[in-house]
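Novice: Need coordinates for the following:
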Amino acid sequence: MNLRHTLIICTGITALAGCSKGFLDRLPTDQVAPQNFFGTENEFIAYTNGFYPQLPDATAIYGESVDNIVKSSVNAEVSGTRIVPTTDSKWSWTDLRAINFLLNNSSAINYKDPAVRDRYFGLAKFFRANFYFEKVKWYGDVPWYGVVIENIDLDNLMKPRDPRTLIMDSIMADLDFAIQHLPATKSVERVTKWTALALKSRIALYEGTWRKYHTEFNLPDAERFLNLAADAALTFINESGYTVYNKTTGPSGKPYQDLFATIKADGVAEEVILARRYSNELALRHNLQFYMTARTQGKPGLEKSLVNSYLMADGSRFTDKPGYESLQFYDEVQNRDPRLAQTIRTPGYTRIGQTTQLAPDFEATMTGYQPIKWMNIVAMDGNSQSYQDMVLFRTGEVLLNYAEAKAELGTIDQGDINISIKKLRDRVGMPNLDVATANANPDPYLENMYKEVSGAQKGLILEIRRERRIELVMENNFRWDDIMRWKEGHLLTKPFLGMYFPGAGLYDLNRDGKMDVEIYDGAKPPATGPYQIASSELTNAGSGYIFTNRNINKTFRGDRDYLWPLPAEDLELNKKLTQNPNW
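Specialist: Predicted coordinates for the structure are as follows:
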């Protein structure tokens, strides 16, 4: 429940104490009794177990619908049709109250073993940092609450938004405490020192690049945050013992694909820092494979510009090839970065546990570039039948955070690339990224995409962004965050495209002798087996790319849409709150 929404419910009842069953008076969980609860370490464990559901679940994968993954519908933030909501769950403060209850509780503060106490305080501060990071991404300035707010504490209930600078400094302080006090023992299901370092690199990179590119907000210390990101990532690289998963013994025998296809994250624990657990035996399942295989779940497919961004296997640029724009599917996916064939169906693709080769299925994908990342056995395709663990933090992201922070600072050298990007490319047999070559010859295709990048490191920054987009597709909704922090919202207004077809006819996408798609002119002909697409759905008259969501006129206002609007009800309740610019 929204904190201020509770207040308005309470108002008008005889005394604010009349809300004894409301949010403000409730202890954070049903299991917590009086304030002397924290008398043993087991009680700390039991209480902090309640923090973990705050982390993203598998629905975060379904939520990606920016310019990486195209679906049959377009989110309001992508189409530019957001309005000021009456209420919004993103403005909820319930999770923060549960965290602060532990940090403020006198019995916890006075626990007999300070080292044990600080371990769980560190865990609470990790979650508080993550909580506030989400708030800052959405709203910018928000109220900072370091205490549990009681129902008579009108000063806190009615306080204005605190500056983003204060919030971010407080987040960094929380993470530094967590890094110092959390255990260094690795765990795929528990937050550790290494999870906190990974989160610090993620948050500091976001904030450093936001401040660098969003000059309209006049925020200081962009370089300080970029240095914090690089330092946290380098500490992780040098001290954690984590590495890039590179075994060929997984379900598909391909390390990148198996990082996500492996059902239990323990099997890829050399790279996975933290995962969300699922279990078939305990009926803890999700909908991921149903989302990617059913006809009714949005029909996700990779967008054309992302497919174009994958390099050739020799490290050269696909978009430098003459005539790349009109290559048909079979030809365009040949001799590419192997991550492409480990992310979408390409010729020769087979399901894990099967031998039948499968072409892209247009019944389940809008663009033809059908995702296979996270896919496992066919038995998991049904509604709520998937149970593979969801990776939340992994070493690959930390390596990318390091390289990007150093490049944005202008302090990067080839050695920095060798301990970061090279490891990711080595996994799939790709040539290393060369700093001098990248800066000497920036990619025109990427230059047109990322218009805010400039300076001596321009070419390298563009290549690191390419690497990030490819490596992290369909993970944690990173693409939305990246577009926002890089100030590249114009990308949301571009047409979202799929495969190229030169005209009407029958098409064998994987060259197995079976026709997979029929492009037709005029009236729809009788069905003969292949999936049928009207030529009018292509970008040109009778030929071109599949043009998805063609009737939606996407817009993006750079003076408004990088932040979310505060809910109208909260603005009415608390007159000290202000709305974000131009909402």
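Novice: what about the strands in the stretch 1-150 of the chain?
Specialist: Taking DSSP state E, counting those that start in this stretch, the strands of the stretch 1-150 of the chain run over residues 69-70.
Novice: ok but A527 is inside a helix, no?
Specialist: No: under the criterion used here (DSSP: H, G, I helix; E, B strand; the rest coil), A527 is coil, not part of a helix.
Novice: Report how many residues lie close to it.
Specialist: Neighbouring residues of A527 were enumerated by other C-beta atoms under 10 Å; the total is 9. All C-beta atoms are positioned from the backbone trio N, CA, C, and that covers glycine.
Novice: for E363, same thing?
Specialist: Per other C-beta under 10 Å, the neighbour tally for E363 reads 11.
Novice: N227 too?
Specialist: Residues contacting N227 under the criterion other C-beta under 10 Å number 17.
Novice: Retrieve the pLDDT associated with it.
Specialist: The model reports N227 with a pLDDT of 98.
Novice: Could you report the distance from the residue nearest to it when sequence neighbours are not counted to S107?
Specialist: Leaving aside its chain neighbours, N227 sits nearest to L409 (6.7 Å; criterion: C-beta to C-beta, 6 or more residues apart in numbering). Applying C-beta to C-beta, to the nearest Å, one obtains 45 Å for the distance of L409 from S107.
Novice: the more surrounded of the two?
Specialist: Set side by side, L409 and S107 show unequal neighbour counts under other C-beta under 10 Å, the larger going to L409 at 17 against 13.
Novice: I'd say the more buried one and L226 touch.
Specialist: Yes: in this structure, L409 sits in contact with L226. The criterion is C-beta atoms under 8 Å, and the distance is 5.0 Å.
Novice: Not counting its neighbours along the chain, what's nearest R161?
Specialist: Leaving out its chain neighbours, the residue that sits closest to R161 by C-beta to C-beta, 6+ apart is D141, at 3.9 Å.
Novice: quick one, what contacts the one you found?
Specialist: Taking C-beta atoms under 8 Å, 6 or more residues apart in numbering as the criterion, D141 is in contact with R161, D162, P163, R164, I167.
Novice: can you do 10 Å?
Specialist: With contacts defined as C-beta atoms under 10 Å, 6 or more residues apart in numbering, the neighbours of D141 are 135, 160-167, 217, 563, 566, 577-578, 580.
Novice: A456 too?
Specialist: Neighbour list for A456: G410, N439 [criterion: C-beta under 10 Å, 6+ apart].
Novice: which residues do L409 and L226 both contact?
Specialist: With C-beta under 10 Å, 6+ apart applied, the overlap between the contact sets of L409 and L226 consists of G208, K212.
Novice: From P163, how far out is the residue nearest to R161?
Specialist: With the distance defined as C-beta to C-beta, D141 ends up 6 Å from P163.
Novice: Also K514?
Specialist: In this structure, K514 and P163 are separated by 61 Å, where distance is defined by C-beta to C-beta.
Novice: residue contacts, H490?
Specialist: Under the criterion of C-beta under 10 Å, 6+ apart, the neighbours of H490 are M449, Y450, K451, E452, I483, F556, G558.
Novice: where does it land on pLDDT?
Specialist: According to the predicted model, the pLDDT of H490 comes to 97.
Novice: Would you verify that it is located in a helix?
Specialist: Yes: counting by three-state DSSP, H490 is located in a helix.
Novice: Next, count neighbours for the closest residue to A436 other than its chain neighbours.
Specialist: On the basis of C-beta to C-beta, 6+ apart, the spatially nearest residue to A436 that is not a chain neighbour turns out to be Q414, at 7.8 Å. Q414 has 12 neighbouring residues, counting by other C-beta under 10 Å.
Novice: And for T87?
Specialist: Using other C-beta under 10 Å, T87 has 15 other residues around it.
Novice: and the helix or strand encompassing R469, what other elements does it pack with?
Specialist: Using DSSP states H and E, the secondary-structure element containing R469 is helix 458-471. With contacts defined as 3 or more C-beta pairs under 10 Å, 6 or more residues apart in numbering; DSSP states H and E, the secondary structure elements packing on helix 458-471 are helix 304-309, helix 338-341, helix 395-409, helix 414-418, helix 421-428, helix 435-440, helix 444-449, helix 478-485.
Novice: Mean pLDDT per helix and strand in the protein: which one sits at the bottom?
Specialist: Ranked by mean pLDDT, DSSP states H and E, the helix or strand of the chain with the weakest confidence is helix 3-10, at a mean of 32.
Novice: what about the closest residue to V70 other than its chain neighbours, how many neighbours?
Specialist: Here the nearest residue to V70 in space, its sequence neighbours aside, is F496; by C-beta to C-beta, 6+ apart that works out to 4.6 Å. The burial count assigned to F496 is 28, neighbours taken as other C-beta under 10 Å.
Novice: quick one: F496 and V78 touch, right?
Specialist: Yes: contact between F496 and V78 holds when scored by C-beta atoms under 10 Å: they sit 8.9 Å apart.
Novice: overlap in contacts of these two?
Specialist: Where contact means C-beta under 10 Å, 6+ apart, the residues bridging F496 and V78 through contact with each are S65, V66, D67, K71, N549, I552, K554.
Novice: closest to Y310 among those residues?
Specialist: When the shared contacts of F496 and V78 are compared for distance to Y310 (C-beta to C-beta), D67 wins out at 14.7 Å.
Novice: close enough to count as contact, that closest one and N549?
Specialist: No: using C-beta under 10 Å, D67 makes no contact with N549, being 11.7 Å away.
Novice: So for these two, which sits in the more crowded spot?
Specialist: Under the criterion of other C-beta under 10 Å, the comparison of D67 against N549 puts D67 first, with 24 against 17.
Novice: OK, contacts around that one?
Specialist: Contacts for D67 (C-beta under 10 Å, 6+ apart) come out as 78, 302-306, 449, 469, 479-480, 483, 488, 491-497.
Novice: From the residues you listed, keep the buried residues only.
Specialist: The neighbour-count criterion (16 or more other C-beta atoms under 10 Å) marks 78, 302-306, 449, 469, 479-480, 483, 488, 491-492, 495-497 among the contacts of D67 as buried.
Novice: so I461 touches L226, yeah?
Specialist: No: counting by C-beta under 10 Å, L226 is not a contact partner of I461; they are 12.0 Å apart.
Novice: got any residues that touch both of the two?
Specialist: For the pair I461 and L226, residues contacting each of them under the criterion C-beta under 10 Å, 6+ apart are T209, E404, A407, E408, G410.
Novice: what's the pLDDT at the residue nearest to the last one when sequence neighbours are not counted?
Specialist: Nearest non-adjacent residue to G410, counting by C-beta to C-beta, 6+ apart: Q457, 5.5 Å away. Q457 is assigned a predicted lDDT (pLDDT) of 98.
Novice: got the phi/psi numbers for Q457?
Specialist: Geometry field for Q457 lists phi and psi as phi -100, psi 20, criterion degrees, to the nearest 10.
Novice: For L166, which non-adjacent residue is closest in space?
Specialist: Sequence neighbours aside, W144 is the residue nearest to L166 in space, at 6.1 Å (criterion: C-beta to C-beta, 6+ apart).
Novice: How about N582?
Specialist: R560 (3.9 Å).
Novice: The residue nearest to V70 and K554, how far apart?
Specialist: Separation of F496 from K554 (C-beta to C-beta) stands at 8 Å.
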